Every structure is written in structure tokens, then in C-alpha cells.
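Enquirer: output the structure for:
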Amino acid sequence: MSPDSSPREPGPSGTLHTTDAVPTHRRRTYWREALSQTFGSVDMGVPDEIDRGTIRTSPLGPMQVVTVDGDPLRALRTQRLIAGSDNGDHVVVKLLSKGVARVEQDTRDACVRPGQLFVYDMARPIRMTLPEPFQSKSLVLPRDVLGLSETELRRITASPLDSETPLGALLSPFLSRLVDTADRYPQRTADSIARNVVDLLRTLADDRLGTASADTENAARGSLLRIRAYIDWHLADPDLTPEAIARAHRISVRYLHKLFQLEDITVSRWIQQRRLEQCRRELSRREAAGLTIAAVAHRWGFTSASHFSRVFRAAYGASPAEWRSFAARAPHMAAPAHSPQLPYMR
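Expert: Model (predicted):
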């Protein structure tokens, strides 16, 4: 882009492209370049006069979250453009928040309404038409993260998921909120959320492929994954209880406990386990050396330092002080602060 129309940075982890400060006669060129920079080599057709356009991006683990507000456009990604691109190994999960769209890929030609989401593969030709002002929210992620074969991926592209279906009602608002708030999470939390998002997307793929054993089980798994992500977001809240979680998701406490039976663990034990994992990583970080053990415990939702010490020793065979001392002597064995290794709990 030209020097006077370069993207503005909203923060250290994301990028903002906006036409607000771009002279009217340069907006069309600027907007085409901004869209291509964000979504790869694409032939963009945009109106001669651009009124407004904004693209916000933020990283979330291995993914990129993107919000686009703009005027009507047409996007065409041909085999020639794919061959010259360096991002053909990504897929996009896109939620249409406003406007309508037509998407064509893998012999399918679908109309997308507000509230619907769909998947497309950047490794194969695609045509997308948005005939009116729109807003979209997207997750851009490496293809191998989903663990799908080429054949499986072809079966789920350009196939809108209706927001009125059980899974659509779960995923659409979740994805919307996730994209809106992705830039607010510290790295360790973002990585944890990303893992839960991948599980949700795999559930979506299972649903589209028909590989889930039953709709009810599929919906239950999806609800559980969403609740696990919610817990990770609110670990620091000392009032995070089964009752509060059930109320936030408009389900009964009894049903919440039933969902966690799928993991063979209680809700309270899961919360405690996740808090302990975060405290253990915090105690391993050199940057946290100035914090007292009680401060670390309180940061992650424990209200009693003595209780925290007891459950920490029971979980890890050492007191918090002993763990911190060991991590300081053997830093290579501590989980790195920038890339926590949070286990999947299946």
C-alpha cells in the first residue's frame, strides 16, 4: 500500500485497515489492497466509490480472527491466484453478521443469510458475492488443525449452517463474541481458548459429515465445549460456580452436571483443575517471581491461600513454593509463558 494509506495498528497483536483517513479518490485502490492482504491473492471487484470499509485482525493461537465491515464486493480466487499465493494451506470459517452473500465452491452454489456461517478452503477456487453492505466475522486457520482429509473438507465447504439448528444456535453467537473479544486475552488464555475452538470446529465438521453418533450427543458435546471455553474465560472470578455457569448458559445445574459426566469429572473439580494448571504455569514464569504465592492463587480465583497450597500439593506432589523453586533452578522444564501446553480433556 502507499505510504499515506498504510494500515493503522490498534495494538501490538492486531491490525486495523480503515478507509476513514484515506482520500476519497484513493479509497477504492486502498480497499482492494487491504482485502487482498487479509485474505490472500484474490481478484476483488468493488464499487467505483467506496463509502466506508474497516478490517480488524487479531491472532488467537494458531488462528487469525477477522472482522470486515464494508460496501458490496465480489471476490474471486482462481487456480492461478492460488498457485501464486502463500496461504493456500488455510481454511476460513465465516459468519455473516449483516447483509447477504452468495458463495460458490466445490460444485456448490449457496445463498447465505445473516446469522449463518460457512466454511471455505483457500486451496481451491472460490467465488463470493456480497451485493449489499455487510459485516462478516471469520476464523482463518491452518487446514491441518482440523484433521480433515481432502475429501472430507470438500464435503463441508460452501454449505451454510443455519442459526436455527441446535449446533448453529450454539456456534454462531459463540464465534461472534470470540471474534469481538479475541484481542483482549493474554497469550496463555488465548492459546487455551484456541484449543477449545478447534474442538468446536471439529464438532461442526462431524455434524456436516454425519459422523456424530446422534444429534443429541453432538449437541451435548458442543454445549460442553462451549462451557469449557466459558470457564477458561472466567477462571479468575472467585464466584465461578456451577450455579453461575448454568445461569449464564440458560441451562439447569442438573443438566450441567450431566454434561460433565461425559468427561468423567465434576464441574467443580474441572474448575479447580484448570485453576491449578494456570497457577502452576504462573509460578514457573520468571516474570511472576515478584508475586507472592497468595497473589498468584487469588489471580486465578482461589480465595484461600492455605486451601490452594493443600490442593496444589495433592495435585503435583509438591508445595507451590517447592514448585517455584524447582522451576527457577530448571527453567527449561517449566512450561513457557508464551506457549502453555494445555491438555485436551476428552
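Enquirer: helix, strand, or coil at residue 276?
Expert: In three-state terms, and counting by DSSP: H, G, I helix; E, B strand; the rest coil, residue 276 is helix.
Enquirer: same deal with residue 163?
Expert: coil.
Enquirer: okay but it is in contact with residue 97, surely?
Expert: No. The criterion here is Cβ atoms under 8 Å, and residue 163 misses it with residue 97 at 10.8 Å. In short, each C-beta sits where N, CA and C put it, glycine included.
Enquirer: quickly list what's touching both of those two.
Expert: Common neighbours of residue 163 and residue 97, using Cβ atoms under 8 Å, 6 or more residues apart in numbering, are residue 115.
Enquirer: so how far is the helix or strand hosting residue 33 off the chain centroid?
Expert: In the assignment (DSSP states H and E), residue 33 maps to helix 27-39. In terms of Cα atoms, centre = their mean, to the nearest Å, the centre of helix 27-39 is set 24 Å apart from its chain centre.
Enquirer: helices or strands next to it in the packing?
Expert: Contact here means 3 or more Cβ pairs under 8 Å, 6 or more residues apart in numbering; DSSP states H and E; on that basis helix 27-39 packs against strand 14-18, strand 43-45, strand 53-60, strand 63-70, strand 73-77.
Enquirer: do a quick rundown of the helices in the stretch 101-250 of the chain.
Expert: Ranges of helices within the stretch 101-250 of the chain are 143-146, 150-156, 166-181, 187-209, 215-233, 242-248, based on DSSP state H, counting those that start in this stretch.
Enquirer: what's the closest of these to residue 124?
Expert: helix 150-156 (7.8 Å; Cβ to Cβ).
Enquirer: just the buried positions in that closest one, please.
Expert: 153, 154, 156 (16 or more other Cβ atoms under 10 Å).
Enquirer: got it, and stretch 202-210?
Expert: Buried residues in stretch 202-210, counted by 16+ other Cβ under 10 Å: 202, 203, 204, 205, 206, 207, 208.
Enquirer: would you mind listing the residues in contact with the fourth one?
Expert: By that I understand residue 205. 146, 148, 152, 156 are the contacts of residue 205 under Cβ under 8 Å, 6+ apart.
Enquirer: give me that answer again for 7 Å
Expert: By Cβ atoms under 7 Å, 6 or more residues apart in numbering, the contact set of residue 205 is 146, 148, 156.
Enquirer: I'd like the distance between the first one and residue 315.
Expert: Relative to residue 315, residue 146 is positioned 32 Å away (Cβ to Cβ, to the nearest Å).
Enquirer: which one's more surrounded, those two?
Expert: Taking neighbours as other Cβ atoms under 10 Å, residue 146 and residue 315 compare with residue 146 leading, 19 against 14.
Enquirer: doesn't residue 202 make contact with that one?
Expert: Yes. If you go by Cβ atoms under 7 Å, residue 146 and residue 202 touch, sitting 6.3 Å apart.
Enquirer: phi, psi of the nearest residue to residue 275 once chain neighbours are set aside?
Expert: Excluding the flanking residues, the one nearest residue 275 by Cβ to Cβ, 6 or more residues apart in numbering is residue 300, at 4.7 Å. With angles defined as degrees, to the nearest 10, residue 300 sits at phi -110, psi 20.
Enquirer: just the one 10 residues further on next, same as before
Expert: When quoted as degrees, to the nearest 10, the phi and psi of residue 310 stand at phi -70, psi -50.
Enquirer: what's the neighbour count on it?
Expert: Residues near residue 310, counting by other Cβ under 10 Å: 12.
Enquirer: how near is it to residue 30?
Expert: Counting by Cβ to Cβ, the gap from residue 310 to residue 30 is 59 Å.
Enquirer: check residue 120 too.
Expert: 25 Å.
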